[in-house]
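Undergrad: Structure, please.
(chains A and B)
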Protein chains: 2
Amino acid sequence: MSLLVVGSLAFDSIETPSGKRENELGGSAVYFSLAASAYGPVRLVGPVGDDFPLSITSGWKARGIDAEGLEVVKGGLTFRWSGRYTGDMNAAETLKTDLNVLGTFQPKVPASFRDSEFVFLANTHPATQASVLSQVAKPKFVLVDTMNFWIESARTALLHLLRRVDGLLLNDGEARMLAAETNLIAAGKAILEMGPKWVIVKKGEHGSFLFSREHFYALPAYPAERVVDPTGAGDTFAGGLMGSLARDGVVDLASLKRAMLHGTVTASFTVEKFGTASIAAVNSAAAEARYREFLKFVSP
Amino acid sequence: MSLLVVGSLAFDSIETPSGKRENELGGSAVYFSLAASAYGPVRLVGPVGDDFPLSITSGWKARGIDAEGLEVVKGGLTFRWSGRYTGDMNAAETLKTDLNVLGTFQPKVPASFRDSEFVFLANTHPATQASVLSQVAKPKFVLVDTMNFWIESARTALLHLLRRVDGLLLNDGEARMLAAETNLIAAGKAILEMGPKWVIVKKGEHGSFLFSREHFYALPAYPAERVVDPTGAGDTFAGGLMGSLARDGVVDLASLKRAMLHGTVTASFTVEKFGTASIAAVNSAAAEARYREFLKFVSP
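TA: Predicted coordinates:
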């Protein structure tokens, strides 16, 4: 089924214990699309400046990524982020953020994308995320991402949005903050009361949780022996998850469990190399092979 | 099959966000035995002082705990530990340790216990653990626990012991320290090279890992919504694990996975109340019911 992502395209400068990279292609919509396209076609909406060489997207069509929603802002600069990972690499230290064209981005969903059935709203202001929802005709499943910044600075808009979406994706610290609960299980349950039918909590190297009113599911992370660069792991998780769900075409406990396994698999590829180098090379066969291996690691 | 534990009996003074308790019955052998006895009989070896009211053990026989190996040291005092848990409660801050009779304890395995098939050597000096091994005729499966203190101060004795046991149980920080590896997956594999066929890494609220040369298994923790007192969770995990293994009577990947699930289940009971109050009330039916519930939470 059709899958839409609305998010960022970026140039990242990254420092990890494995080395440094300048101006790596990045952004939530990029990582998401590269992961999801291992499962089926993806429609991308996001802004770039005219410093963005469109040649970067040359391989996307063959991969099933439809970039009709790529908005090139004349005279604008592409979003830039620079960050550093140290120690256990579970969290990045942001060194610099230049929002550039992302700062004034008002997403316009192309007419040909308005029938999208599966929709991922990558992290941005919840009011902007809400404006996308109003441009999609009749989505079957909408998953929204957020972060601590919006939980603190745009709580009302976020709470309003949560009543309109099917699922919320966030990390453990954000879940605790949103629910004002130290215990993560209690936090997940509290967030369900805010509206979404499904809450998915990412815990980095500790895996992920799925909450619904009727179900709970806990999944460990893929046992990565070497993490080179965690950038994009969360958005790649979302991409594998939504790619798997859209391929299945149904949303229930079984398809969501499978989707979380696939999200874990795509994220495990991403962290193996800097930037998008690893996930961009993952095809359906590679994803399926690691999925089967991972399934063995987590099956009681 | 027969199951032996050699470890400590203690009086604990505990402070957690839920309150304070003085002189709670504790100790590795106690928590272990209470958990394992939900699965079958247990043989206990450990020392107390004559300040230890033997009435405490009055319910043990009915539970299947054979305390013939309880050594009462005349004129001695029972081991005392006091500690505090704050924040996410993943680690205790030790306020005071009075080893007392534990400091000079030379375990003597009663003749009737020497045919034990499953053996758990709770945390103590590795040379003392080794002396127990020499008193057991032909164990089928020996699991040893250790801690950072012995990894640092008795490394040679520990490495010698590891070549004589089937399994090593330790927490994530200890595994990293023993292997001198930051990455936990790499650490687990490195420890296998030190001798044990199975390495089980406890990660508190993040679950546990099982390593062997051929297999890897990752299990999340039970989703506890309220943790009152984590004291004894690790020894209760070991008790449920070894109780389940001894009941199965075989040691392979399937029985070890089941054992880790049961260890997680018994540990989840322990943390619900101060001290041994919760685990002492868990019978076979309660453990099985939570096992079935937990299995649902972690089955892909």
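
Undergrad: mind checking the SS state of the residue in the stretch 51-200 of chain A that chain B sits nearest to?
TA: When distances are taken as C-beta to the nearest C-beta, the stretch 51-200 of chain A approaches chain B most closely through residue A:185, which lies 4.5 Å from it. The C-beta positions use only the backbone N, C-alpha and C, and glycine is treated the same way. Using DSSP: H, G, I helix; E, B strand; the rest coil as the criterion, the local structure at residue A:185 reads helix.

Undergrad: Next up, the contacts around it.
TA: When the contact criterion is C-beta atoms under 8 Å, 6 or more residues apart in numbering or on different chains, the partners of residue A:185 are A:209, A:216, B:223-225.

Undergrad: tell me which parts of chain A are close to chain B?
TA: Proximity of chain A to chain B, by C-beta under 8 Å from any C-beta of the partner chain, involves residues A:88, A:182-186, A:189, A:203, A:205-207, A:209, A:216-221, A:223-227, A:257-258, A:261, A:295, A:297-300.

Undergrad: just checking, residue A:64 touches residue A:37?
TA: Yes - using C-beta atoms under 8 Å, residue A:64 is in contact with residue A:37, at 4.7 Å.

Undergrad: quick one: which of the two has more around it?
TA: Under the criterion of other C-beta atoms under 10 Å in any protein chain shown, the comparison of residue A:64 against residue A:37 puts residue A:37 first, with 25 against 17.

Undergrad: ok, now which ones touch the more buried one?
TA: The contact partners of residue A:37, taken as C-beta under 8 Å, 6+ apart, are A:60, A:63-65, A:239, A:243.

Undergrad: What about these, which one has the most neighbours?
TA: Scoring the contacts of residue A:37 on neighbours with other C-beta under 10 Å, the highest-scoring entry is residue A:239 at 34 neighbours.

Undergrad: which one is that residue nearest to, not counting chain neighbours?
TA: residue A:35 (2.9 Å; C-beta to C-beta, 6 or more residues apart in numbering or on different chains).

Undergrad: so what pLDDT did that neighbour get?
TA: As predicted, residue A:35 sits at a pLDDT of 98.

Undergrad: Can you give me the neighbour number for it?
TA: Other residues near residue A:35 number 34, with proximity taken as other C-beta under 10 Å.

Undergrad: So it sits against residue A:236, correct?
TA: Yes - with contact defined as C-beta under 8 Å, residue A:35 and residue A:236 form a contacting pair (4.3 Å).

Undergrad: which residues in chain A form helices?
TA: For chain A, applying DSSP state H gives helices covering A:28-36, A:60-63, A:126-133, A:148-153, A:155-162, A:172-179, A:184-192, A:233-248, A:253-270, A:284-298.

Undergrad: most tightly surrounded among the ones you listed?
TA: With neighbours defined as mean count of other C-beta atoms under 10 Å in any protein chain shown, the helices of chain A peak in mean count at helix A:28-36, which reaches a mean of 32.

Undergrad: re earlier: give me the common contacts of residue A:35 and residue A:236.
TA: A:263, A:266-267, A:270, A:279.

Undergrad: Tell me the one among those nearest to chain B.
TA: Top of the list for closeness to chain B, among the shared contacts of residue A:35 and residue A:236 and by C-beta to the nearest C-beta, is residue A:263 at 12.8 Å.

Undergrad: I figured residue A:84 hits residue A:92, correct?
TA: Yes - in this structure, residue A:84 is within contact of residue A:92 by C-beta under 8 Å, at 6.8 Å.

Undergrad: who has more neighbours, those two?
TA: Each of residue A:84 and residue A:92 had its neighbours counted (other C-beta under 10 Å), and the higher figure belongs to residue A:92 (19 against 14).

Undergrad: and the closest residue in space to the more buried one that isn't next to it in sequence, bridged to which residues?
TA: Using C-beta to C-beta, 6+ apart and skipping the chain neighbours, the partner closest in space to residue A:92 is residue A:83 (4.1 Å). Beta-bridge partners for residue A:83, by DSSP bridges, are residue A:14, residue A:94.

Undergrad: can you tell me which residues contact residue A:83?
TA: Listed by C-beta under 8 Å, 6+ apart, the contact set of residue A:83 reads A:12-15, A:92-95, A:231.

Undergrad: ditto for residue A:60
TA: Here residue A:60 is in contact with A:33, A:37, A:44, A:67 (criterion: C-beta under 8 Å, 6+ apart).

Undergrad: which pair in those spans the largest distance?
TA: Distance extremes for the contacts of residue A:60: the farthest pair is A:37 and A:67 at 11.3 Å, using C-beta to C-beta.

Undergrad: tell me which residues in the worst-scoring helix or strand of chain A on mean pLDDT are buried?
TA: For chain A, counting by mean pLDDT, DSSP states H and E, strand A:92-98 ranks last in confidence among helices and strands (a mean of 92). By 16 or more other C-beta atoms under 10 Å in any protein chain shown, the buried positions in strand A:92-98 come out as residue A:92.

Undergrad: quick one: it to chain centroid distance?
TA: Taking the mean C-alpha point of strand A:92-98 and that of its whole chain, the gap between them comes to 18 Å (C-alpha atoms, centre = their mean, to the nearest Å).

Undergrad: what's that strand in contact with?
TA: Strand A:92-98 has contacts (C-beta under 8 Å, 6+ apart) with A:13, A:77, A:79-86, A:230-231.

Undergrad: try 7 Å this time
TA: In this structure, residues lying in contact with strand A:92-98 by C-beta atoms under 7 Å, 6 or more residues apart in numbering or on different chains are A:79-85.

Undergrad: and those as JSON lines, adding distance to residue A:283 and pLDDT?
TA: Shown next, in JSON lines, are the contacts of strand A:92-98 (distance: C-beta to C-beta, whole Å; pLDDT from 0 to 100):
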{"residue": "A:79", "distance to residue A:283": "28", "pLDDT": "97"}
{"residue": "A:80", "distance to residue A:283": "30", "pLDDT": "97"}
{"residue": "A:81", "distance to residue A:283": "28", "pLDDT": "96"}
{"residue": "A:82", "distance to residue A:283": "30", "pLDDT": "96"}
{"residue": "A:83", "distance to residue A:283": "29", "pLDDT": "95"}
{"residue": "A:84", "distance to residue A:283": "31", "pLDDT": "96"}
{"residue": "A:85", "distance to residue A:283": "27", "pLDDT": "94"}
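
Undergrad: so which two of the contacts of residue A:83 are the farthest from each other?
TA: In terms of C-beta to C-beta, these reach their longest pairwise distance at A:12 and A:93, which sit 13.5 Å apart.

Undergrad: Span of stretch A:70-81 from start to end?
TA: Its first and final residues considered, stretch A:70-81 spans 19 Å by C-alpha to C-alpha, to the nearest Å.

Undergrad: Which residues does it contact?
TA: Contact with stretch A:70-81 is made by A:8-12, A:26-27, A:44, A:46-52, A:57, A:94, A:97-102, A:108, as judged by C-beta under 7 Å, 6+ apart.

Undergrad: Equivalent analysis for stretch A:17-25, please.
TA: By C-beta under 7 Å, 6+ apart, the list of residues contacting stretch A:17-25 from outside reads A:11-14, A:56, A:228-229, A:274-276.
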